[in-house]
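>>> Provided below for reference: sequence and predicted model.
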Protein chains: 2
Amino acid sequence: MRSPQSLRNGGMSSPHARMPTPHHHHHFHSTVSVQKLKRFNSLILVFRLSTFCFSLASAVFMITNSRGSGSDSPRWYDFDAFRYVFAANAIVAVYSLFEMIASVWEISREVTLFPEILQVWFDFGHDQAFAYLLLSADSAGTALAITLRGTDTCRVTTAFCVQSTISIALGFAGFLFLGLSTLLSGFRVVCFVINGSRFHF
Amino acid sequence: MRSPQSLRNGGMSSPHARMPTPHHHHHFHSTVSVQKLKRFNSLILVFRLSTFCFSLASAVFMITNSRGSGSDSPRWYDFDAFRYVFAANAIVAVYSLFEMIASVWEISREVTLFPEILQVWFDFGHDQAFAYLLLSADSAGTALAITLRGTDTCRVTTAFCVQSTISIALGFAGFLFLGLSTLLSGFRVVCFVINGSRFHF
């Protein structure tokens, strides 16, 4: 069992970090705090992973959604709203991948990828903005899918409409987990503003 | 010029509030704090008023959007997405009206309508949820409006499509101001959590 202090500095290669000088500027964090923070970060990581899986699946389902090669066979890029769904899900998937790396880095090395204050605000701001983006895209996609249902496009090539609907549903699942991440990262911002540290809840 | 203390208790009719007892449980708030709070609340009120105007205008534009009385003339309630736009804007208009009353109450009487902790969380939670709702509705409306543009509906009755587009644009303006209100009410929650009072920024 390593002590919290060695955990805290586990990822640092600088010789200063291992020297027990009295001017050591890191605060001492109790084992309980470190454990809590680890659990909290693991929960965020789970949400990020879920967001990544769902939005990636949504983007893949949308991009592969072309039926036939004739001039009248429907293709996803012929519809503005479906292009928007694909773009939003792809952006969110890339962002979630980056945040997962940042989260794994923080859990394994006990330091944030960016400076702490930048990291918490970056996470919260992007979570919020991308949640709006994803919801907007999925709503637009839903409206188009509902409109298409009554037209010839869906009567002739049912598979096209079914696959779009699945893609949009996966996008909504991604939004759900992104919304949960937003709550947690918002909570982290509040904790940081109150205590000036990630280490107190 | 009234003192901050008399301002603070201006709205209370209880005799206790006016008695200068030593066990008086209200904190003393400096004139600067009171002034700052008034300015902050006035800004929120302006955003609420803007949200109310835009979402009410959007709902009215949508509900009056029926052309002709024939069976093939387009009506707004025949389209799912337009019904959604109307419903979301109407809900936000009613909510904004309520919040405006609460805001005017707070500015004039110096006390919140609900207990303070309930009020700040109520405001923030509803702002956030209704911002999602309104964005989702307007995105769905936009997708439908774009789809309709290529069909006979818009070629025959141009006014119908123009009026829907205006309604949706007004809805987006409402969302913008609701988003700004969300930022301010989120800030108020953080201030409240930090200081246990609305009176310190």
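Structure's in. What do you need?
>>> how about the helices of chain A, start to end?
In chain A, the helices defined using DSSP state H lie at A:4-8, A:15-18, A:31-63, A:80-109, A:116-149, A:152-156, A:158-195.
>>> Can you tell me which of those helices is packed in deepest?
Ranked by mean neighbour count, these are led by helix A:116-149 with a mean of 22 (mean count of other Cβ atoms under 10 Å in any protein chain shown). Glycine gets a C-beta too; all of them are placed from N, C-alpha and C.
>>> other SSEs contacting that one?
On a contact count with 3 or more Cβ pairs under 8 Å, 6 or more residues apart in numbering or on different chains; DSSP states H and E, helix A:116-149 meets helix A:80-109, helix A:158-195, helix B:80-109, helix B:116-149.
>>> Near chain B, which residues of chain A? Just list them.
Proximity of chain A to chain B (Cβ under 8 Å from any Cβ of the partner chain) is limited to residues A:80-81, A:131-132, A:135-144, A:146-147, A:186, A:189-190, A:193-194.
>>> how does it look with 10 Å?
A:79-82, A:84-85, A:124, A:128, A:131-133, A:135-148, A:151, A:175, A:179, A:182-183, A:186, A:189-191, A:193-195 (Cβ under 10 Å from any Cβ of the partner chain).
>>> got any ranges where chain A has weak pLDDT?
Across chain A, the ranges flagged by pLDDT under 70 are A:1-29, A:68-71, A:198-201.
>>> The same query, at a cut-off of 50, please.
Filtered on pLDDT under 50, chain A yields the residue ranges A:1-26.
>>> Spatially central, which residue of it would that be?
The residue lying closest to the centre of chain A (Cα atoms, centre = their mean) is A:S96, at 3.4 Å.
>>> Quick one: residues contacting the closest residue to it other than its chain neighbours.
What sits nearest to A:S96 in space, not counting adjacent residues and going by Cβ to Cβ, 6 or more residues apart in numbering or on different chains, is A:F52, at 3.8 Å. Contact partners of A:F52, counting by Cβ atoms under 10 Å, 6 or more residues apart in numbering or on different chains, are A:V92, A:A93, A:V94, A:Y95, A:S96, A:L97, A:F98, A:E99, A:M100, A:G174, A:F177, A:L178.
>>> and which of those residues is nearest to chain B?
Of all those, chain B sits closest to A:L178, with 11.5 Å by Cβ to the nearest Cβ.
>>> Would you mind measuring from the closest residue to A:S103 other than its chain neighbours to chain B?
Once flanking residues are discounted, A:S103 sits nearest to A:L45: 4.5 Å by Cβ to Cβ, 6+ apart. As for A:L45, its distance to chain B is 24 Å (criterion: Cβ to the nearest Cβ, to the nearest Å).
>>> can I assume A:L45 is in contact with A:F177?
No - with contact defined as Cβ atoms under 10 Å, A:L45 does not reach A:F177; the gap is 11.5 Å.
>>> Give the closest residue to A:A173 in space, chain neighbours not counted.
A:F54 (4.4 Å).
>>> how near is that neighbour to B:V46?
For A:F54, the distance to B:V46 equals 39 Å [Cβ to Cβ, to the nearest Å].
>>> cool, and A:L148?
On the measure of Cβ to Cβ, A:L148 and B:V46 end up 41 Å apart.
>>> give me every residue that touches A:I101.
Contact analysis of A:I101 by Cβ under 10 Å, 6+ apart lists A:R48, A:L113.
>>> Next: A:G125.
A:G125 neighbours (Cβ under 10 Å, 6+ apart): A:T182, A:S185, A:V189.
>>> now swap in A:L97 and tell me
Contact analysis of A:L97 by Cβ under 10 Å, 6+ apart lists A:R48, A:L49, A:T51, A:F52, A:S55, A:L56.
>>> So which of the residues you listed is the closest to A:V111?
A:R48 (18.1 Å; Cβ to Cβ).
>>> ok, back up a step: would you convert the helices and strands packed on helix A:116-149 into JSON lines that also reports distance to B:Q35?
Conversion of the helices and strands packed on helix A:116-149 to JSON lines gives the following (distance: least, Cβ to Cβ, whole Å):
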{"stretch": "helix A:80-109", "distance to B:Q35": "41"}
{"stretch": "helix A:158-195", "distance to B:Q35": "23"}
{"stretch": "helix B:80-109", "distance to B:Q35": "12"}
{"stretch": "helix B:116-149", "distance to B:Q35": "19"}
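>>> of the ones you listed, which approaches B:K36 most closely?
Taking Cβ to Cβ, helix B:80-109 is the member of the helices and strands packed on helix A:116-149 nearest to B:K36, at 12.9 Å.
>>> could you give the angle of the closest one to helix B:116-149?
Relative orientation of helix B:80-109 and helix B:116-149, computed by axes from the mean of the first three to the mean of the last three Cα atoms, to 10 degrees: 150 degrees.
>>> Tell me what angle helix B:80-109 forms with helix B:31-63.
Computed by the same axes, to 10 degrees, the angle between helix B:80-109 and helix B:31-63 is 150 degrees.
>>> Tell me the gap between helix B:80-109 and the middle of its chain.
5 Å (Cα atoms, centre = their mean, to the nearest Å).
>>> likewise stretch A:141-152?
Distance of stretch A:141-152 from the chain centroid (Cα atoms, centre = their mean) equals 28 Å.
>>> then it to CSV, C-alphas only?
Presented in CSV, the C-alpha positions along stretch A:141-152 are these (Å, rounded to 0.1, in the frame of the first residue of the first chain):
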residue,chain,number,x,y,z
GLY,A,141,-32.5,14.7,-37.2
THR,A,142,-35.6,13.5,-35.5
ALA,A,143,-37.7,16.1,-37.2
LEU,A,144,-36.4,15.1,-40.6
ALA,A,145,-36.8,11.4,-39.8
ILE,A,146,-40.4,11.9,-38.8
THR,A,147,-41.0,14.0,-42.0
LEU,A,148,-39.4,11.3,-44.2
ARG,A,149,-41.5,8.6,-42.8
GLY,A,150,-44.6,9.7,-44.8
THR,A,151,-42.7,10.0,-48.1
ASP,A,152,-41.7,7.7,-50.9
